[in-house]
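Enquirer: Pasted the sequence and its predicted model underneath.
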Amino acid sequence: MPQTTTINVGLIGVGTVGAGVARALLEKRRMLEQRIGARLVLRRACDKEFRRRRGVRLPPSVTTTDASKVLRDPDIHVVVELIGGIEPARTLILEALRRGKHVVTANKALLAHAGRELFAAARRANVDLYFEAAVGGGIPIIKALREGLIANELDAILGIVNGTSNYVLTQMREKRLSFHEALLEAKHHGYAERNPALDISGGDAAHKLAILTLLGFGVQVRLSDIHVEGISSISQADIQYADELGYCIKPLAIAKQVDHELELRVHPTLLAKTHLLANVNGVYNAVYVHGDMVGAELFYGRGAGQGPAASSVVSDIADIARNIVTGIAPRMPLLPHRHRGIRRLRRMGAVETRYYMRFMATDKPGVLARIAGVLGRHHISIASVHQKERRAARIVPVVMMTHEAREADMRRALQAIDRLGFVKHPTVAIRTEAPRYK
Ligand SMILES: NC(=O)c1ccc[n+]([C@@H]2O[C@H](COP(=O)([O-])OP(=O)(O)OC[C@H]3O[C@@H](n4cnc5c(N)ncnc54)[C@H](OP(=O)(O)O)[C@@H]3O)[C@@H](O)[C@H]2O)c1
C-alpha cells in the first residue's frame, strides 16, 4: 500500500478562527485524511501568548510565540495566516511565499489593500495562495467563482456580505429598534465587534467586493474605485415606509456590468420583498451571481464565526494538500481572465437606479408641485407619491418612488430641494435594486 503523504501546517494566529482551524485539524484528523488522501499535521501554532484559554488543547511542542519558527521550518508546506490586519500579516505572508510555502489566509482587508502584491509574489514563487474564508465566512463562494462558474461570463454579483450590518437592519425591521439600539443588541450577542466602524461604514463589505470583483470579472480594483455608504443613516421611519411599499432595506455590495462598464458600490439598498436576497436576515450572508450560462445562482450561509470561517480555511488547506499530493500545486491561476465585455469602471455619477425618497416638508398647498418641478427639471420622473401622517407640528413626511434616474441628476436635485424653505430636514434618498436578473 502506498504511504500516506503528510502535509505539515503552520498556523500564525490562534484567535477565533485560528483556534477553530487548530481544533478541526486535531479532532477531525482521521476524517480529513480519508477525504483528502493526505495526512494534515498541525506542526506549529504561533500566537503572541498562550496563557489565555482558546478552546483548543494544543500540544506544548507545537506552540510558539515566534512566527519565524513557522516561516523557517523547512518541513512546513502550508502557512495559515489568521492574525488579521495589514501588518505584520503582509510581511509574514510575503516571507512565507518567498520561502516557497503555500499560504492560506482569511484576511480580506489585506487582500483588498495588497492583493496585487501578494498574488504576484505567489506567482513568482510558484505556490498557491488561497482565501476562501475572506468572503462569506463558511460559504464556498470563492471556489464557486474560481471553479464552478469558470465557463461563465458574469454580469452581476450582488452580496449581503457583512453580517453585522445585516443583523442591525434586520433587528430594526423586526423589533422596530433604532439604529443605535440595534447596534447595542448586536454587540450584546457578539455579532458586532467592540469597534464596529469598519462593518457599519461599509468598509468591510468593500474589501469583500474588491475580492469578488477580481474573481468574478477579472478586474483588480482599488478600494477608492468603490462607492461606499454605511447603514448608520438609515432610520426606523424609512424602514417602516419601505415595508409599507413592499420593500426591505439591505446592506448590499454590488458589482454589475452595464453597457460595457462595471459598477462597483456598497450601500443600503431597497429590495422588493420578492427579491431573492430580501429574506437573507440576521447575521446570514448571501451572494447572488448571474452568469451567461447558469443564469441566477444564490449562495447562502453564515458569513462569520469560528465554525464557518474555520470550515473554509480547512477546505483551502485540503485543496492545497491535494494539489501537492497530485503534483499540481499551484493549481488555480490567481489573476482570472478579464471579462471581455468590460471596458472601464462606471463613474458613480453615471449610475442609474430607481430611488426611494423621503421629504420632510411643511404641510401646505403647492409643496408637492414644487418638489415635482425640481425633480422634473433634473430629468427625474416620479413613479408614486405617498403622503404620510404628520410627525411633528405641521411637518409631513412625503415618500416618493422614482423611475430610473442618473445619480448625478439626483444629487443636484437633492441639493436644490433641500434649499427650498418648506423642506425642514435633509431629504433621504435610498437606491433600489430591481430583480431584473431572473
Ligand atoms: N472571526 C470571524 O468570524 C472571521 C470570519 C472570516 C474571516 N475572518 C478573518 O480571519 C482573521 C482572523 O480573525 P479572528 O476573528 O480569528 O481574529 P482574532 O480572534 O483577533 O485572532 C487573531 C489572533 O492572532 C493573534 N495575533 C495578532 N498579531 C499577532 C502576531 N504578530 N503574531 C502572532 N499572533 C498574533 C492575536 O493575539 P491578540 O489577541 O493578543 O492580539 C489573536 O490571538 C482576520 O483576518 C479576519 O478578518 C474572521
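Expert: Perfect, I can see it now.
Enquirer: okay, and for the protein, where does confidence drop off?
Expert: In the prediction, the chain carries residues with pLDDT under 70 at positions 1-2, 332-336, 390-393, 436-438.
Enquirer: can you give me the helices for it?
Expert: For the chain, helices defined by DSSP state H occupy the ranges 16-27, 29-36, 67-71, 89-98, 108-125, 141-143, 163-175, 179-188, 197-200, 203-217, 236-244, 306-325, 367-377, 407-418.
Enquirer: Which of those sits closest to Lys48?
Expert: Comparing those against Lys48 with CB to CB, the closest turns out to be helix 67-71 (9.8 Å). (Each C-beta comes from the backbone N, C-alpha and C, glycine too.)
Enquirer: quick check, the closest one touching the ligand?
Expert: Yes: with CB under 6 Å from any ligand atom as the threshold, helix 67-71 lies in contact with the ligand, specifically through Ala67.
Enquirer: Report the buried residues of that helix.
Expert: Buried residues in helix 67-71, defined by neighbour count with 16 or more other CB atoms under 10 Å: 67, 69-71.
Enquirer: Check stretch 22-31 too.
Expert: Residues of stretch 22-31 classed as buried: 22-26 (neighbour count, 16+ other CB under 10 Å).
Enquirer: okay, how far is it across stretch 8-22, tip to tip?
Expert: 12 Å (CA to CA, to the nearest Å).
Enquirer: Would you mind listing what in this structure touches the ligand?
Expert: Those residues of the chain that sit near the ligand, judged by CB under 6 Å from any ligand atom, are 12-18, 46-48, 67, 82-84, 88, 106-108, 133, 137, 304-305, 309.
Enquirer: Write the ChimeraX selection for whichever of the residues you listed are buried.
Expert: Typed into ChimeraX, the next command selects the buried ones out of the residues of the chain next to the ligand (criterion: 16+ other CB under 10 Å):
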select :12,13,14,16,17,18,46,47,67,82,83,84,106,107,108,133,137,304,305,309
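Enquirer: Just the ones in strands from the residues of the chain next to the ligand, please.
Expert: Among the residues of the chain next to the ligand, the residues falling in strands (DSSP state E) are 12, 46.
Enquirer: Name the nearest residue to Glu49, ignoring sequence neighbours.
Expert: Counting by CB to CB, 6 or more residues apart in numbering, Glu49 lies nearest to Thr65, which is 6.3 Å off, once chain neighbours are set aside.
Enquirer: For that neighbour, grab phi and psi.
Expert: Summarising the backbone geometry of Thr65 under the convention degrees, to the nearest 10, its torsions are phi -110, psi 10.
Enquirer: I'd like to check which residues are in contact with it.
Expert: With contacts defined as CB atoms under 8 Å, 6 or more residues apart in numbering, the neighbours of Thr65 are 46-50.
Enquirer: do His260 as well
Expert: When contacts are counted by CB under 8 Å, 6+ apart, His260 is found next to 341-344.
Enquirer: Any chance of TSV for those residues, columns distance to Ser61 and neighbour count?
Expert: Supplementary listing: these in TSV, determined by distance: CB to CB, whole Å; neighbours: other CB atoms under 10 Å:
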residue	distance to Ser61	neighbour count
Gly341	54	15
Ile342	52	18
Arg343	56	10
Arg344	55	9
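Enquirer: between those residues, which is nearest Ile254?
Expert: Ranking the contacts of His260 by separation from Ile254, with CB to CB as the measure, puts Ile342 on top at 14.5 Å.
Enquirer: measure that closest one to Leu92 for me?
Expert: As defined by CB to CB, to the nearest Å, Ile342 lies at a distance of 34 Å from Leu92.
Enquirer: Phi first, then psi, for the residue in the chain that the ligand sits nearest to.
Expert: Scanning the chain for the residue nearest the ligand gives Gly15, at 1.7 Å (criterion: CB to the nearest ligand atom). Geometry field for Gly15 lists phi and psi as phi -100, psi -140, criterion degrees, to the nearest 10.
Enquirer: my read: it touches Ile83, true?
Expert: Yes: judged on CB atoms under 8 Å, Gly15 makes contact with Ile83 at a distance of 7.5 Å.
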